[in-house]
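*Asks:* kindly generate the corresponding structure for this input.
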Amino acid sequence: MSAYIKPKSLCIAFFFMATYHTMAQDVKTDTIDLEPYRTVVFNTAQTKSAVKRQVYIQRLNKERGLYNDTISIELKDKNGQRQTYIMFNKGKRENPVNYTYLKRDKHTGFTTVGKEYNEDVRRIVDTLFNKDNTVASVSTKVVRKAHTTIHTVYTYTYNALKQPTSRKYYMSTNLEKKPRLLNHHNFIYEGKLLKRVEAILNPYLKNIFYETLYTYNPDTSLAKKERFEVRNGNRTLLEFNDYTYTNKLLTQELYGSYSRDKDVTKVEYEYNAHKQLSKLKTSKDTLYKNIQYTYVGNKLKNIHWETNARTGLSREHFAPIFTYSERRMPIIYDAEYYHDAEGNFLGVKHSLFGELRTHFEYLQDFFEPTK
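*Replies:* Next up is the predicted model:
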């Protein structure tokens, strides 16, 4: 895994428990983020084999006094599509959510049927494709037996290079005559490079919008990202990111948010001989967080960090809730990831000052490999 990421649409966040309504076809458009620390963890959490049944278990959570508590059960088909998802609440099995998939000309999608808070809920997700296989729209309809039906739609347009040039987000209910436009994004390019994004977050206030500008080095690596508020034609800088590279690897980043404070956060990246992210040092004023990454082959084995920030500096690695009230300084935290012999992700253990605090595990059954 190379931690140098050429400017492209990449914003990956890894969560140990995925909810069933986040599976719609997506079009990556309005973010260009250089985040090797997120990519490392995301790549670790993959399975090589086709999962048939996956049980997500909380082995330990000292903060809540919980042990060996099942969180969810997921059943998939050989293509990796979810068939059934079952949540557990305090050891009690809730009603399953079942999936059916549609595939017709220029459409893909799925429908889920289940219960939420003892209420029948049906979700219908439909992705419509253009003739060139770009995504024209993504529609999600939530039908509740005793409540208002909510329908949301994303629509997209493209240029000749199949780059998204606009995205509009609509919402409607069964009580409205037509959908409401909630926000609108425009994307402007120079060749293959995204140069500017206009975000109209409130279509009824046309004199206020947000603008993100991207500046590149001669080798097309991202040099700077700036986000502005434009109000009545006046531009105010809100946030910025400056990137520095060595041998095409991101080695330093400076970022700040003028909407909150004027302190600049500095991040330094170091890599091992395999170009894997090995160290990350982040600092802001008197706060610091130093992170080390250890690997076995191409799999992340351990994240170790020390910090004097209880809740701050969490962009590079989240601060677990059990650090919020910690008085010992510096805080010393470890996350240990483990896999089976085939490289499938099995679980993670979280420790504070060497004491195990939480442990989450996947129990998996796999389909027999195709001969």
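
*Asks:* which ones are touching Val197?
*Replies:* By C-beta atoms under 8 Å, 6 or more residues apart in numbering, Val197 lies in contact with 30, 185-188, 211-212. Quick note: C-beta positions are derived from backbone N, CA and C, even for glycine.

*Asks:* give the phi and psi angles for Asn133, as a check.
*Replies:* Dihedral pair for Asn133: phi 70, psi 10, per degrees, to the nearest 10.

*Asks:* can you count the residues close to it?
*Replies:* Using other C-beta atoms under 10 Å, Asn133 has 8 other residues around it.

*Asks:* just the pLDDT at it, thanks.
*Replies:* Looking at Asn133, its pLDDT stands at 90.

*Asks:* just to revisit the earlier point, the contacts of Val197, buried ones only, as a PyMOL selection?
*Replies:* Paste this into PyMOL to select the buried members of these, with burial taken from 16 or more other C-beta atoms under 10 Å:
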select buried, resi 30+185+186+187+211+212
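
*Asks:* C-terminal to the lowest-mean-pLDDT helix or strand in the chain, what's the next element?
*Replies:* Sorting the helices and strands of the chain by mean pLDDT, DSSP states H and E puts helix 36-44 at the bottom, at a mean of 64. Where DSSP states H and E defines the elements, the next helix or strand beyond helix 36-44 is strand 51-61.

*Asks:* show me what secondary structure element comes after that following strand.
*Replies:* Criterion used, DSSP H and E; the element after strand 51-61 is strand 66-76.

*Asks:* same for that next one, what does it pack against?
*Replies:* strand 51-61, strand 82-89 (3 or more C-beta pairs under 8 Å, 6 or more residues apart in numbering; DSSP states H and E).

*Asks:* among these, which is nearest Ala335?
*Replies:* strand 51-61 (13.9 Å; C-beta to C-beta).

*Asks:* return the alpha-carbon coordinates of that closest one using CSV.
*Replies:* Only the C-alpha atoms of strand 51-61 are listed here, as CSV (Å, rounded to 0.1, in the frame of the first residue of the first chain):
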residue,chain,number,x,y,z
VAL,A,51,-18.0,-14.4,3.5
LYS,A,52,-21.1,-16.5,3.9
ARG,A,53,-21.9,-15.6,7.6
GLN,A,54,-20.4,-13.0,9.8
VAL,A,55,-21.0,-12.6,13.5
TYR,A,56,-19.8,-9.4,15.1
ILE,A,57,-19.1,-9.9,18.8
GLN,A,58,-18.1,-7.6,21.6
ARG,A,59,-15.8,-9.7,23.7
LEU,A,60,-15.0,-7.0,26.2
ASN,A,61,-16.1,-3.5,27.0
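
*Asks:* for it, what is the average pLDDT?
*Replies:* Strand 51-61 comes out at a mean pLDDT of 89.

*Asks:* same check, this time on stretch 120-127
*Replies:* What stretch 120-127 shows for mean pLDDT is 90.

*Asks:* and what of stretch 138-155?
*Replies:* 87.

*Asks:* repeat for stretch 361-370
*Replies:* For stretch 361-370, the per-residue pLDDT averages 85.

*Asks:* got a list of what Lys265 touches?
*Replies:* Check again: residue 265 is Thr, not Lys. 254-256, 282-284, 313, 315.

*Asks:* try 6 Å
*Replies:* Contact partners of Thr265, counting by C-beta atoms under 6 Å, 6 or more residues apart in numbering, are 255, 284.

*Asks:* so what's it scoring on pLDDT?
*Replies:* Reported pLDDT for Thr265: 94.

*Asks:* and for Phe15?
*Replies:* Phe15 is given a pLDDT of 28.

*Asks:* how about stretch 142-153: buried residues?
*Replies:* Residues 142-143, 151-153 are the ones in stretch 142-153 that count as buried (16+ other C-beta under 10 Å).

*Asks:* among the helices and strands packed on strand 66-76, which comes closest to Glu268?
*Replies:* strand 51-61 (33.4 Å).

*Asks:* quick one: neighbours of Pro218, just the number.
*Replies:* 6.

*Asks:* that one belongs to a helix?
*Replies:* No: the assignment for Pro218, made by DSSP: H, G, I helix; E, B strand; the rest coil, is coil rather than a helix.

*Asks:* tell me who's in contact with it.
*Replies:* Applying C-beta under 6 Å, 6+ apart, no residues contact Pro218.

*Asks:* equivalent analysis for the one 5 residues further on, please.
*Replies:* Taking C-beta under 6 Å, 6+ apart as the criterion, Ala223 is in contact with 215-217, 243.

*Asks:* quick check: which element contains it?
*Replies:* Ala223 belongs to strand 222-231 when assigned by DSSP H and E.

*Asks:* list the strands paired with whichever helix or strand comes after that strand, with their directions.
*Replies:* With elements assigned by DSSP H and E, the helix or strand that comes after strand 222-231 is strand 234-246. Neighbouring strands of strand 234-246 in its sheet, by DSSP bridges, are strand 222-231 (antiparallel), strand 249-257 (antiparallel).

*Asks:* list the buried residues in strand 234-246.
*Replies:* 238-243, 245.

*Asks:* give me the contacts around that strand.
*Replies:* In contact with strand 234-246 (C-beta under 6 Å, 6+ apart) are residues 221-229, 251-259.

*Asks:* pull out the buried residues from those.
*Replies:* Looks like these have 221-223, 225-229, 251, 253, 255-256 buried, using 16+ other C-beta under 10 Å.

*Asks:* now render the buried residues of stretch 142-153 as JSON lines, adding distance to Asp69 and secondary structure.
*Replies:* Shown next, in JSON lines, are the buried residues of stretch 142-153 (distance: C-beta to C-beta, whole Å; DSSP: H, G, I helix; E, B strand; the rest coil):
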{"residue": "Val142", "distance to Asp69": "28", "secondary structure": "strand"}
{"residue": "Val143", "distance to Asp69": "31", "secondary structure": "strand"}
{"residue": "His151", "distance to Asp69": "36", "secondary structure": "strand"}
{"residue": "Thr152", "distance to Asp69": "33", "secondary structure": "strand"}
{"residue": "Val153", "distance to Asp69": "38", "secondary structure": "strand"}
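
*Asks:* thanks a lot, catch you later.
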